[in-house]
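Engineer: predicted model, plus sequence, below.
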Amino acid sequence: MSPRTRNWITAALAIILSLVLAVALTGLSGEPKSDSFLERPSTFFTDNSGARALFLVTKKLLPSVEQWRRPLTLLPISEGRHSASTLIVADPRKPISKTEAEHLDRWLAKGGQLILATSNGWPLSQSNSGSEPEFADKSGGKSEPEVTRPVKKVTYLSTHAAKLEWSKRGEPQNLRITGAALPAGGLEVQSSRIFSSVNGAQVLAAAGDAAVAVAIPVGQGRIVAIADPAMISNQALREADNAVWLVTLAAAWGNRGVLFDEYHHGFGQKRSVGDVTWAFLKTPWGWCVSQIALAGLLYVFGYRRRFGRISEPPPIDRNSPLELVNSRGGLLQAAAAQGLAVELIAQNFCHEWAKVCGRPVDLSTLRDGGGFPGRMSDSDHPLNSFRALVSKSERRERLSDREFIEVGRIAGRMITEQHHEC
């Protein structure tokens, strides 16, 4: 096979492989994400019950749209333009805790808008009851007819509008709604449930005499309660103008920033140990623990409290000076380096002399006799003998053992005597 034929075959195989991968990726990307069992109106799902379509529409039309996957206690309370002003909670399956409800009230009082699409008022979790999801089937698989009755359990909406009542769920139908915040001709929305009684609450959107949504003021903000959670589903957005109405509600409020709550659908964001610790330290119990830890550290450092038994420091290894001299002497003797030994003795003598008397002395000064007192220039002074022996060694003349010992003895004696004279 020629190289040209081999290249054509390789190119053809690469093209075929690329086409197969493209088809596979296209099929995977087009596969809808469904939640057929729980039917949660989550922005993660593209089936009829999901709310992915509304999320994509608002993300395209509004400046800031995000999914909120953390507890509502972490919702930032800010009056700045960068914080979201609308929170959309659709048919939450997890109850709201008391601390979340209190924080949400503070967020609303600062000018936030809560669009709450629920048919049960969003139950508040109680300390003596579990957080059982509302979608649990307790009828043993048998469906029970829905009965219109007031909400008796404590819900988030009942703390702001105690007498809201819902109708039973019917077949989805298109309704022409009107209201102060809607166009003159109104909009057509799909809904399967309305409020049977609002008891004085402000009706925001109504189909004739039937209230579809009410507004509940909270400080500078408000709660927009929608009777039918399915109004934000993908199916309802395809059949009517539900998306237009919901986007209009968000666009007309605050800085047009929107958050979709996913935490209460069971899609909480995993948090690191550092985030959890910081969130705990910002609570009253966290401040208490921080103060106790600080007091403990001050006690430890203030009173020098030891954390263990007293232990003696390890002994320092010390070498005997005599052993050091013997080892260096043995090295010089083995190398037969008598000249080097004499030179080292002379250098050490000059260094010690300069350190004791404060006069710079080196080998050249030693040869010339400068830097030494005049009395040391006498012919019988040991310095002359020391200088003569060092000069002899520098001329590479071998010293006898007696002369070599004399060099070290004279150097040591003169340094010792100079310590007493200087």
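Structural biologist: Good, I have the coordinates. Residues are numbered from 1 along each chain as shown.
Engineer: the helices in the stretch 101-250 of the chain, which residues?
Structural biologist: Assigned by DSSP state H, counting those that start in this stretch, the helices in the stretch 101-250 of the chain fall at 234-239, 242-251.
Engineer: got the contact list for the following helix or strand past the last one?
Structural biologist: Proceeding N to C from helix 242-251, the next assigned helix or strand is strand 257-261, under DSSP states H and E. When contacts are defined by CB atoms under 8 Å, 6 or more residues apart in numbering, strand 257-261 is touched by residues 43, 51, 55, 58, 62-68, 72, 75, 82-90, 92, 250. All C-beta atoms are positioned from the backbone trio N, CA, C, and that covers glycine.
Engineer: can you give me the buried ones in stretch 52-70?
Structural biologist: Buried residues in stretch 52-70, defined by neighbour count with 16 or more other CB atoms under 10 Å: 52-55, 57-58, 61-62, 64-65, 67-69.
Engineer: among those, which one sits closest to Ala336?
Structural biologist: Relative to Ala336, the closest of the buried residues of stretch 52-70 is Arg69; by CB to CB it sits at 84.3 Å.
Engineer: quick one on the thing from earlier: turn the buried residues of stretch 52-70 into CSV, columns for distance to Leu332.
Structural biologist: Listed next are the buried residues of stretch 52-70 as CSV, based on distance: CB to CB, whole Å:
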residue, distance to Leu332
Arg52, 90
Ala53, 94
Leu54, 94
Phe55, 89
Val57, 94
Thr58, 91
Leu61, 93
Leu62, 90
Ser64, 84
Val65, 86
Gln67, 83
Trp68, 83
Arg69, 79
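Engineer: which of the residues you listed fall within strands?
Structural biologist: Mapping those onto strands (DSSP state E) picks out Ser64, Val65, Gln67, Trp68.
Engineer: now, which of these sits nearest Ala14?
Structural biologist: Out of those, the member with the shortest distance to Ala14 (by CB to CB) is Gln67, at 39.3 Å.
Engineer: the closest one: what's it in contact with?
Structural biologist: Counting by CB under 8 Å, 6+ apart, Gln67 has contacts Thr43, Phe55, Leu259, Phe260, Glu262, Phe267.
Engineer: okay, now the domains of the protein?
Structural biologist: Under the assignment automatic domain parsing, the domains of the chain span 32-127+147-270, 273-303, 322-421.
Engineer: now distance to Ser2 and mean pLDDT too, for those, in a markdown table please.
Structural biologist: Formatted as a markdown table, the domains of the chain follow (distance: least, CB to CB, whole Å; pLDDT from 0 to 100):
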| stretch | distance to Ser2 | mean pLDDT |
| --- | --- | --- |
| domain 32-127+147-270 | 50 | 84 |
| domain 273-303 | 63 | 78 |
| domain 322-421 | 74 | 75 |
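Engineer: export those to a markdown table and tack on distance to Ser311?
Structural biologist: Formatted as a markdown table, these follow (distance: least, CB to CB, whole Å):
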| stretch | distance to Ser311 |
| --- | --- |
| domain 32-127+147-270 | 44 |
| domain 273-303 | 18 |
| domain 322-421 | 30 |
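Engineer: show the buried residues in the contacts of Gln67.
Structural biologist: Thr43, Phe55, Leu259, Phe260, Glu262.
Engineer: helix, strand, or coil at the spatially closest residue to the second one that is not a sequence neighbour?
Structural biologist: Pointing back at Phe55 there. In space, and not counting its chain neighbours, Phe55 is closest to Thr43: 3.9 Å by CB to CB, 6 or more residues apart in numbering. Three-state assignment for Thr43 (DSSP: H, G, I helix; E, B strand; the rest coil): coil.
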